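A.B. asks: I'd like to go over a predicted model; first the sequence, then the structure.
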Amino acid sequence: MEMGETEERALIRETREELDCDATIIRKLGDFRAKAVFDDAELILSTYLMALHGTPVISDPELEEFRFIDKNYERQGILLPASIKDHVLPYCIKEGLLQW
């Protein structure tokens, strides 16, 4: 986040900068805690449900790809960080946000 920027403003700005589309925040899903991938640090993943406006296109050279996934993502060889696989996806399923 930039100085004085809220989480929500940073999310909208980053979406615009990295995916070249606008977004509307529907609601915050929560803050999910998990161990970092490369060390023992704990990370907090602030997660939001958003509506994208326009077609997302990578506009940040640091990003290699993005994709929409379905419940068969593991069979398709897609690896997700534990924070998403073990916390965010189960929460979304429990809340009825994903029909998996």
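C.D. replies: Thanks, I have the structure now. Residues are numbered from 1 along each chain as shown.
A.B. asks: Which of the three states applies to Glu65?
C.D. replies: What DSSP: H, G, I helix; E, B strand; the rest coil gives for Glu65 is coil.
A.B. asks: That one: neighbouring residues, count only.
C.D. replies: When neighbours are counted by other CB atoms under 10 Å, Glu65 registers 5. Every residue, glycine included, has its C-beta placed from N, CA and C.
A.B. asks: got the contact list for it?
C.D. replies: Ile58 (CB atoms under 8 Å, 6 or more residues apart in numbering).
A.B. asks: just the strands in the protein please.
C.D. replies: Taking DSSP state E, the strands of the chain run over residues 22-35, 42-53.
A.B. asks: Check the separation of the first and last residues in stretch 34-50.
C.D. replies: Taking CA to CA, to the nearest Å, stretch 34-50 runs 22 Å from one end to the other.
A.B. asks: mean confidence score for it?
C.D. replies: The pLDDT scores in stretch 34-50 average 87.
A.B. asks: How about residues contacting it?
C.D. replies: 7-8, 11, 15, 23-33, 81-84, 86-88, 91, 97.
A.B. asks: Just give the closest residue to Gln5, not the sequence neighbours.
C.D. replies: No, residue 5 isn't Gln; it's Glu. Nearest residue to Glu5 in three dimensions, chain neighbours excluded: Arg13, at 7.4 Å (CB to CB, 6 or more residues apart in numbering).
A.B. asks: Ala82 too?
C.D. replies: Closest to Ala82 by CB to CB, 6+ apart is Ala34, at 5.3 Å.
A.B. asks: And the one you found, how far from Glu42?
C.D. replies: 7 Å (CB to CB, to the nearest Å).
A.B. asks: Looking at these two, which one has more neighbours?
C.D. replies: Ala34 (17 against 9).
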